[in-house]
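# Predicted coordinates and the sequence they were generated for:
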Amino acid sequence: MTGAVVVAVWIGVPAALFLIWLLFRSGGYKRRPLDAPPGRDWTFTGERFVDPGSGEGVEVWFCARTGERAYVRARTDEAA
């Protein structure tokens, strides 16, 4: 490899990783809670918490088939 290619790789790879991180860092658990459980395969885990961003009570639901978790607005205001 020539010197220019090596420098481009040393700068380009970290820059690309940083851009990917920057684009996806706002995802994760900051999704808005659903209004109802996603379907029949889902079971309530017993977990409840108050969403710090909205102040709403949120319940955690789990799908054993996929391992996915969903966050649903609590039916009551009693979120712990």
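Received the coordinates, thanks. Numbering: from 1, shown residues only.
# which residues of this protein score low on pLDDT?
1, 26-31, 76-80 (pLDDT under 70).
# the domain parsing of it - what is it?
1-30, 31-80 (automatic domain parsing).
# what's the most buried one of these?
domain 31-80 (a mean of 13; mean count of other Cβ atoms under 10 Å). Yep, even glycine has a C-beta here, placed from its N, CA and C like the rest.
# how much space between Leu17 and Gly67?
From Leu17 across to Gly67, the span is 27 Å (Cβ to Cβ, to the nearest Å).
# again with Pro14
32 Å.
# With just CA atoms, put the strand or helix carrying Ala8 into PDB.
Ala8 is part of helix 3-24 when elements are defined by DSSP states H and E. This file holds the C-alpha atoms of helix 3-24, laid out as PDB (Å, rounded to 0.1, in the frame of the first residue of the first chain):
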ATOM      1  CA  GLY A   3       1.400   6.000   2.100                       C
ATOM      2  CA  ALA A   4      -1.700   7.900   1.000                       C
ATOM      3  CA  VAL A   5      -3.800   4.800   1.200                       C
ATOM      4  CA  VAL A   6      -2.600   3.900   4.700                       C
ATOM      5  CA  VAL A   7      -3.300   7.400   5.900                       C
ATOM      6  CA  ALA A   8      -6.800   7.300   4.300                       C
ATOM      7  CA  VAL A   9      -7.500   4.000   6.000                       C
ATOM      8  CA  TRP A  10      -6.300   5.200   9.400                       C
ATOM      9  CA  ILE A  11      -8.400   8.300   9.100                       C
ATOM     10  CA  GLY A  12     -11.400   6.900   7.200                       C
ATOM     11  CA  VAL A  13     -12.200   3.800   9.300                       C
ATOM     12  CA  PRO A  14     -12.400   5.700  12.700                       C
ATOM     13  CA  ALA A  15     -14.300   8.500  11.000                       C
ATOM     14  CA  ALA A  16     -16.800   6.000   9.500                       C
ATOM     15  CA  LEU A  17     -17.200   4.300  12.900                       C
ATOM     16  CA  PHE A  18     -17.800   7.700  14.600                       C
ATOM     17  CA  LEU A  19     -20.500   8.600  12.100                       C
ATOM     18  CA  ILE A  20     -22.300   5.300  12.500                       C
ATOM     19  CA  TRP A  21     -22.200   5.800  16.300                       C
ATOM     20  CA  LEU A  22     -23.500   9.300  15.900                       C
ATOM     21  CA  LEU A  23     -26.400   8.300  13.700                       C
ATOM     22  CA  PHE A  24     -27.500   5.400  15.900                       C
END
